[in-house]
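In: requesting a structural model of the entry that follows:
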Amino acid sequence: MVKLNRIYTKTGDAGETGLGDGRRVRKDDARVMVMGSVDEANAALGVARLETARLSDPEPDAMLARIQNDLFDLGADICMPPAKSGEAGPAELRITPGQVERLEREIDAMNAALEPLRSFVLPGGEAAAAHLHLARAVVRRTEREAWTLAAEQTVGDPAVRYLNRLSDHLFVMARWINAKMGAGDVLWKPGASR
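Out: This next block holds a predicted model:
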C-alpha cells in the first residue's frame, strides 16, 4: 500500500525520476512519457465522470470507475519494466488479459443497442459524450506513445491491447450515451463547409 507523508521530494529537480525498479531515468524517457499520458487519460475520465454521474443509468459511471482503477494498474505496469527473460522480478502489478476481455464485453453490450455507423462521428452531443471523446483522443495518443516505447523497451502485450480497447470503449460509450439521452451522434458531412 502507498503511504505518502510528504508530496515533494526534490529528487526530480535535476530532470530525472524513479521507475518502479528503482532506476533513475530522464523525465522525457519514453516510459515516463507513457506514464504521464496514462495519468492524463485518467484525469480526463475524472472530468467525464462529472457528467456520467448525472445520468439516470448508473452503469456508464460504474464502468468508468473500474477503468480509472485499471489505469492506475496500467501506470504501475508501465512504471515497472518487465524483468529480462529468465530473471525473476519482484511481484509486479500487470494489466491482465481479463481486463482487456472485460472491456470487450462492455463494448459489445453497448454496441448491440446502437444503429450501425454510416458516417464518421464528430465529438459532441451530450456533455458526457463530448468529454468521453476528449478522453478517447488522449487514450489514442497514449497508445501511440506505448508503441513508441515498445519499439525501444519491453512492454507487456496486455497493456498496449488495453489501451487499444479502451479508446474503442470510450467511443462506443459516447455513442451509447448520445443515443440514450436523445442527442444522437453528431455526424461528419464531408465537404459541408466548402
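In: ok, the spatially most central residue of the chain to Leu163 distance?
Out: When Cα atoms, centre = their mean is applied to the chain, the residue found nearest the centroid is Val139 (4.6 Å). The gap separating Val139 from Leu163 is 6 Å, by Cβ to Cβ, to the nearest Å. C-betas here are computed from N, CA, C, even on glycine.
In: then Thr52?
Out: 20 Å.
In: cool, Leu122 as well?
Out: 23 Å.
In: looking at those two, which is more packed in?
Out: Leu163 (26 against 13; other Cβ atoms under 10 Å).
In: which residues touch the more buried one?
Out: Residues counted as contacts of Leu163 (Cβ atoms under 8 Å, 6 or more residues apart in numbering) are 74, 139, 142-143, 146.
In: quick one: which of these is nearest Gly184?
Out: Val139 (23.4 Å; Cβ to Cβ).
In: name the element that closest one belongs to?
Out: helix 127-152 (DSSP states H and E).
In: quick check: next helix or strand after that helix?
Out: Next helix or strand after helix 127-152 toward the C-terminus (DSSP H and E): helix 157-181.
In: report the rounded mean pLDDT for that following helix.
Out: Throughout helix 157-181, pLDDT has a mean value of 97.
In: where do the strands sit along this protein?
Out: 16-18, 24-26, 121-122, 186-187 (DSSP state E).
In: list the buried residues of the first one.
Out: Think strand 16-18. Neighbour counts over strand 16-18 (16 or more other Cβ atoms under 10 Å) mark Thr17 as buried.
In: what is it packed up against?
Out: Strand 16-18 is packed against strand 24-26, with contacts defined by 3 or more Cβ pairs under 8 Å, 6 or more residues apart in numbering; DSSP states H and E.
In: do that again at 10 Å, thanks
Out: strand 24-26, helix 30-52 (3 or more Cβ pairs under 10 Å, 6 or more residues apart in numbering; DSSP states H and E).
In: starting from the first one, tell me which strands it pairs with and how they run.
Out: To tie it back to what came earlier, the one meant is strand 24-26. strand 16-18 (antiparallel) (DSSP bridges).
In: what pLDDT, on average, does the strand it pairs with get?
Out: Strand 16-18 comes out at a mean pLDDT of 79.
In: report the distance from that strand to the chain centre.
Out: Distance, stretch centre to chain centre, for strand 16-18: 23 Å (Cα atoms, centre = their mean, to the nearest Å).
In: other residues contacting that strand?
Out: Contact with strand 16-18 is made by 9, 11-12, 23-29, 31-32, 35-36, 79, as judged by Cβ atoms under 10 Å, 6 or more residues apart in numbering.
In: rerun at 6 Å
Out: 24, 26-27, 32 (Cβ atoms under 6 Å, 6 or more residues apart in numbering).
In: hmm, back to that, any idea which of the helices and strands packed on strand 16-18 is most buried?
Out: Compared across the helices and strands packed on strand 16-18, helix 30-52 shows the largest average neighbour count, a mean of 20 (mean count of other Cβ atoms under 10 Å).
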